[in-house]
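K.L.:
sequence and predicted model, in that order:
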Amino acid sequence: MKHCATFLGLLAFLTGLGSCNLSSPRGHRPLMAGIQPSPAAAEAAAQVSPAVETDFDSLLPRVQKAGTPSQVLRREGYVVSYNKDNRIANWVMWHLTADRTSGPFKRDGAKFLTDPEADGPQVTTYDYMRSGYDRGHLCPSGDNKWSRRAQEESFLLTNICPQNHQLNAGDWNEMELQCRRWARRYGDIYVVAGPVLLNKRHKTVGRAKVVVPEAFYKVVLCLRGKPKAIGFIYRNEPGNRPKGDYVNSVDEVERITRIDFFPGLPDKVEHMVESRQDLSEW
């Protein structure tokens, strides 16, 4: 019981640091600074058993904000929580294995498609025309080359958000490539991506009034060896910065988005991996 009380006290202390805004050592100020774990937290993390078994469904995120529309749609290569009010996803999650980082089914000739299963007004590719934004993938086409059906479904508009072109083609794309490198290095990872809506009122595009996010998040979990997780937040604007400038703890991404990531993890493992933001561990 004494150890339990100490651990809970540490968690309360870390949670209290969540409002801190720490500057990057490179001088760039991240969108939201993550929680910096104390030496005691790092020591506790080292004692966590690396053997963690869980199933994919138990890791699916949970939207915490009451009343948020969340239509869960299962695809060949990912699962999406679709928000009919915003016409974009709350989150998209997929399990990226080493053998799914390549394949014969390229995006050549693929077309963006209205999702016939989506609730609410139907979003079409024309909603993005002359909007000034790319049709930005959440679960990328490059993670779905292993299956023709998976590749086609990655172009459903429930997996797409209005995204700044330079971000889409630049730093966001680089993070997609990095995730594939991690999947090959570790054997598999779990990835969640989605929009960040910071303002009370949002810009929209098209007749369907598709909401333009102010930013995007991505969180990554690896359960091979010693479990670890890391988060990233990207403003929906041009940028050409090191990946470290976008790093946040998963705890901080949860605070900003009000989404609970990887809820099926054992509590001890979840508290340990979601408080860290050390890119060097990867």
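P.N.:
Okay, I see it.
K.L.:
quick one: the strands in the stretch 101-250 of the chain, in order.
P.N.:
Taking DSSP state E, counting those that start in this stretch to define them, one finds strands in the stretch 101-250 of the chain at 134-137, 160-163, 188-196, 204-205, 210-211, 215-222, 228-235, 247-248.
K.L.:
which one of the ones you listed lies nearest to residue 275?
P.N.:
strand 228-235 (9.2 Å; CB to CB). Bear in mind the C-beta positions are built from the backbone N, C-alpha and C, glycine included.
K.L.:
so what does that closest one touch, helix or strand wise?
P.N.:
In terms of contacts (3 or more CB pairs under 8 Å, 6 or more residues apart in numbering; DSSP states H and E), strand 228-235 is packed against helix 171-186, strand 215-222, strand 247-248, helix 250-257, helix 267-274.
K.L.:
flag every buried residue along it.
P.N.:
228-235 (16 or more other CB atoms under 10 Å).
K.L.:
export those to TSV and tack on pLDDT and distance to residue 199?
P.N.:
Conversion of those to TSV gives the following (pLDDT from 0 to 100; distance: CB to CB, whole Å):
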residue	pLDDT	distance to residue 199
228	98	32
229	98	27
230	99	26
231	99	21
232	99	20
233	99	15
234	98	16
235	98	13
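K.L.:
all helices of the stretch 51-200 of the chain, in order?
P.N.:
In chain order, the stretch 51-200 of the chain shows helices spanning 56-59, 148-153, 165-169, 171-186, with DSSP state H, counting those that start in this stretch as the criterion.
K.L.:
give me the below-cutoff pLDDT ranges for this structure.
P.N.:
1-51, 53 (pLDDT under 70).
K.L.:
sorry, back to before: nearest to residue 103, out of the helices of the stretch 51-200 of the chain?
P.N.:
Counting by CB to CB, residue 103 lies closest to helix 148-153 out of the helices of the stretch 51-200 of the chain; the figure is 8.2 Å.
K.L.:
hmm, who's touching the closest one?
P.N.:
75-78, 105-107, 110, 113, 141, 144-145, 159 (CB atoms under 8 Å, 6 or more residues apart in numbering).
K.L.:
drop anything exposed from these.
P.N.:
Applying a neighbour-count criterion of 16+ other CB under 10 Å, the buried members of the contacts of helix 148-153 are 75, 77-78, 105, 113, 141, 144-145, 159.
K.L.:
of all the strands of the stretch 101-250 of the chain, which gets the most neighbours per residue?
P.N.:
Most buried of the strands of the stretch 101-250 of the chain by mean neighbour count (mean count of other CB atoms under 10 Å) is strand 160-163; its value is a mean of 26.
K.L.:
and it, what does it pack against?
P.N.:
Taking 3+ CB pairs under 8 Å, 6+ apart as the contact cut, strand 160-163 packs with strand 88-97, strand 134-137.
K.L.:
how near is residue 121 to residue 74?
P.N.:
Using CB to CB, to the nearest Å, one obtains 22 Å as the distance from residue 121 to residue 74.
K.L.:
how near is the residue lying closest to residue 278 once chain neighbours are set aside to residue 206?
P.N.:
In this structure, residue 278 finds its nearest non-sequential neighbour in residue 230, 7.7 Å apart by CB to CB, 6 or more residues apart in numbering. Distance of residue 230 to residue 206, computed by CB to CB: 34 Å.
K.L.:
can you check residue 239 too?
P.N.:
For residue 239, the distance to residue 206 (CB to CB) stands at 25 Å.
K.L.:
neighbour-wise, which of these two wins?
P.N.:
residue 206 (19 against 16; other CB atoms under 10 Å).
K.L.:
touching, that one and residue 126? I think so.
P.N.:
Yes - distance between residue 206 and residue 126: 6.8 Å, which falls inside the contact criterion (CB atoms under 8 Å).
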